[in-house]
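Peer 1: Here is my input, please return the structure:
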Amino acid sequence: MKGDTMNLLNLHSWSDFRAWLHVALPGVAGVLAIAGYVSSNDAGLWVALALVVVDAGLSAFNSAKNFRTFLYPFLVAVGALLVRYGYTTDQTWALWTGLAPVFFGSGVAAANTDTTPAN
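Peer 2: Model (predicted):
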C-alpha cells in the first residue's frame, strides 16, 4: 500500500487499513442486515470473524508467537459461527477449544523442554 499517492481512501499502511475496517465493516453489516441479505445476528458474527482475522492476523505477522496469536481469537469467532448455524453446541465447542492451549501451549512447551538428566 505504501507509495500509492492517489489512494482514494487515503490508506497508506496496514494499520490504516485495519482502522478503516473497524469503521467500515459494522456499517456494511448494518446495510446488509437492513436490506434483508443477512440477519443482524449473522452480520455481527461475520464482522467479528473478519475483524479477528485482520487484527489477529496482523498481530501474528508482527509477533514472535505468530500462530498462537492468531489461533485463539480465531477459534472464538469460528466457534460462534458454528454454533449459530447448528454445526455444534456451545458446550461441545468449549470442550474442543479447550484443547488448543494444551496442544499449542503446554504441548509445545513440553516438547521443547530438555529432559536430559544432568551429570
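
Peer 1: what's Thr97 in contact with, if anything?
Peer 2: Residues in contact with Thr97 (Cβ atoms under 8 Å, 6 or more residues apart in numbering) are 75-76, 79. All C-beta spots, glycine's among them, are computed from the backbone N, C-alpha and C.

Peer 1: Could you check how far Arg84 is from Gly44?
Peer 2: From Arg84 across to Gly44, the span is 10 Å (Cβ to Cβ, to the nearest Å).

Peer 1: Could you check which helix or strand contains the residue most central in space within the chain?
Peer 2: Nearest to the mean C-alpha position of the chain, by Cα atoms, centre = their mean, lies Val52 at 2.8 Å. For Val52, the host element (DSSP states H and E) is helix 40-61.

Peer 1: Show me what that helix is in contact with.
Peer 2: Outside helix 40-61, the residues within contact range by Cβ under 8 Å, 6+ apart are 14-15, 17-18, 21-22, 25-26, 28-30, 32-33, 38, 66-67, 69-70, 72-74, 76-78, 80-81, 84.

Peer 1: What ranges in the protein fall below the confidence cut-off?
Peer 2: Along the chain, segments meeting pLDDT under 70 span 1-7, 59-65, 105-119.

Peer 1: I'd like the distance from the helix holding Val52 to the chain centre, please.
Peer 2: Relative to the centre of its chain, helix 40-61 is centred 5 Å away, using Cα atoms, centre = their mean, to the nearest Å.
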